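K.L.:
Coordinates only, no sequence provided:
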Ligand code: NAD
Ligand code: UDX
């Protein structure tokens with residue numbers, strides 16, 4: 001398709017990735033936010049969060065004047081044929097989705113949108129939200145189409161997920177507009193080799209992720225429901241694996257062996273069956289609670305998702321109890337190294353991080369916690385217990401520790417030579433809350449190993 005002008009509202013994890021890749025495909029792309037710090041980082045050619053490959057793309061797109069950071073609706077929206085909404089949809093205290101930002105962004109944009117332009121909802125919203133946003137647009141006299149186009153990228157692999165997507169889903173009443181949105185993605189796909197090269201990202205070689213992703217057109221409500229359903233199912237898989245892990249703990253089975261064999265059944269698949277300290281992040285916890293709440297609003301109970309949440313919430317406590325049992329109930333004289341504060345590997349994001357939850361539980365129980373994360377130390381600072389010391393390396397955290405707790409699945413931690421634990425620590429306890437450490441190798445040199453379901 002010919003190059004066009006786009007505004008992406010919200011320069012967060014999703015908005016900034018989307019805007020950058022659209023700009024890299026040649027479209028003039030405004031990235032609009034109210035957060036001046038985030039905008040300033042983009043102007044300097046970098047992202048406010050750590051994500052492999054994104055900085056060279058931002059820098060290139062800024063230098064080419066294809067990516068234009070702005071805080072002005074007036075300067076961006078009226079010139080744009082496409083307006084993407086990527087604002088946050090956090091949870092309310094009761095678990096339901098807080099749509100304040102969604103409606104505020106739509107309201108501000110609607111007054112300024114050009115006739116025949118398209119408003120695209122990328123934020124994760126409860127099914128039925130599009131209907132309500134469309135009512136906002138109905139108040140303006142211009143013809144503006146509305147398309148629901150949920151996002152599936154994962155933090156840590158955001159660029160790869162976008163360039164080599166499994167599927168792009170778009171739904172709306174106006175088929176021509178839906179097709180135009182798909183054309184935008186095709187313009188990104190057609191340049192993916194060049195973009196990946198600039199990002200320094202290898203194309204995924206395994207053909208489990210086929211080179212050809214699917215373009216799926218649905219009705220608007222289906223598109224909205226597809227997004228939350230996918231996340232709910234993935235969360236369910238994790239909680240299922242964690243339930244089996246608890247049984248494995250009582251029986252001497254190894255949950256990694258179990259899930260490798262169970263996941264070899266192609267009907268099931270191995271992905272997202274990694275037991276551990278449970279899921280965190282800016283999506284799963286609030287998307288699951290949002291689904292439960294939106295179903296309840298329509299008179300539908302979702303006990304299966306309530307159970308998944310309940311299991312997930314038990315996991316940090318379950319692991320903390322194992323540590324207490326191994327070190328003695330009084331943790332007050334104990335030094336514990338916590339490796340991993342990001343909610344998952346590959347990102348600096350600490351939203352609902354299980355690693356932080358665990359570090360804080362240990363600190364509140366009197367342990368002296370020395371924490372380290374390769375990317376998330378700074379982000380974590382505001383959320384950690386005041387007694388926790390942040391370290392500049394895992395070696396520093398491990399120094400004289402009675403126990404080490406690995407709480408994020410960073411490859412850097414999986415690669416630690418087991419001797420290093422023995423040489424640096426004064427104690428012998430290795431707690432692997434993400435099941436990435438070789439248990440036999442730990443036990444071979446007389447260290448004690450605690451995993452989850454192993
Ligand atoms: P985020 O909080 O990082 O970013 C949202 C941005 O929107 C913020 O920078 C905020 O300042 C800005 N904003 C809020 N109101 C605004 C307004 N009226 N005008 C302009 N800017 C405004 O959120 P995120 O993680 O990028 O998630 C965005 C949406 O995408 C959510 O609905 C989320 O569920 C969904 N999602 C996130 C991911 C992910 O990996 N983070 C993946 C898929 C879908
Ligand atoms: C998720 C969805 O995967 C993505 O499609 C959606 O667009 C946004 O939400 P994200 O939150 O970035 O992505 O991370 P994800 O890789 O899904 O992991 C979420 C949490 O689950 C992390 O805390 C991770 O450590 C945990 N996890 C994941 C497990 O505990 N076990 C697993 O097997 C997989």
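P.N.:
Ah, there it is. Because the structure is a prediction, the values reported are computed rather than measured. Ligands and ions are numbered 1, 2, ... in the order given.

K.L.:
Distance check, the residue of the stretch 301-450 of the chain found nearest ligand 1 against residue 35.
P.N.:
Ranked by CB to the nearest ligand atom, the top residue of the stretch 301-450 of the chain for proximity to ligand 1 is residue 349, at 7.3 Å. C-beta: built from backbone N, CA, C; applies to glycine. To residue 35, residue 349 is 15 Å away according to CB to CB, to the nearest Å.

K.L.:
Which one's more surrounded, those two?
P.N.:
residue 349 (24 against 13; other CB atoms under 10 Å).

K.L.:
how about the strands in this structure?
P.N.:
For the chain, strands defined by DSSP state E occupy the ranges 5-9, 28-32, 67-70, 82-85, 118-121, 145-148, 167-171, 214-218, 335-339, 368-372, 389-390, 403-406, 429-432, 448-450.

K.L.:
what pLDDT does the one residue sitting closest to the centre of the chain get?
P.N.:
In the chain, the C-alpha nearest the mean C-alpha coordinate belongs to residue 155, at 4.3 Å (CA atoms, centre = their mean). The model reports residue 155 with a pLDDT of 96.

K.L.:
Surely it and residue 281 touch.
P.N.:
Yes. If you go by CB atoms under 8 Å, residue 155 and residue 281 touch, sitting 7.1 Å apart.

K.L.:
Could you tell me which residues touch both of these two?
P.N.:
Counting by CB atoms under 8 Å, 6 or more residues apart in numbering, the contacts common to residue 155 and residue 281 are 344, 349.

K.L.:
Where do the domain boundaries of this protein fall?
P.N.:
5-218, 220-454 (automatic domain parsing).

K.L.:
Surely residue 224 touches residue 129?
P.N.:
Yes. Residue 224 lies in contact with residue 129 (CB under 8 Å); the separation is 6.3 Å.

K.L.:
What separation do you get for residue 444 and residue 438?
P.N.:
Distance from residue 444 to residue 438, by CB to CB: 9 Å.

K.L.:
Which residues of the stretch 251-400 of the chain lie near ligand 2?
P.N.:
272-274, 276, 279-281, 283-284, 343-344 (CB under 6 Å from any ligand atom).

K.L.:
next one: the helix or strand of the chain with the lowest mean pLDDT to chain centre, how far?
P.N.:
Taking mean pLDDT, DSSP states H and E as the measure, the chain has helix 129-138 as its least confident helix or strand, at a mean of 93. Distance of helix 129-138 from the chain centroid (CA atoms, centre = their mean, to the nearest Å) equals 27 Å.

K.L.:
helices and strands around it, which ones?
P.N.:
Contacts defined by 3 or more CB pairs under 8 Å, 6 or more residues apart in numbering; DSSP states H and E place helix 129-138 against helix 100-110, strand 118-121, strand 145-148, helix 220-251.

K.L.:
Can you give me every residue that contacts residue 202?
P.N.:
Contacts of residue 202 by CB under 8 Å, 6+ apart are residue 196.

K.L.:
any idea of the pLDDT on it?
P.N.:
Listed pLDDT for residue 202 reads 89.

K.L.:
With ligand 2 as the reference, measure out to it.
P.N.:
Relative to ligand 2, residue 202 is positioned 19 Å away (criterion: CB to the nearest ligand atom, to the nearest Å).
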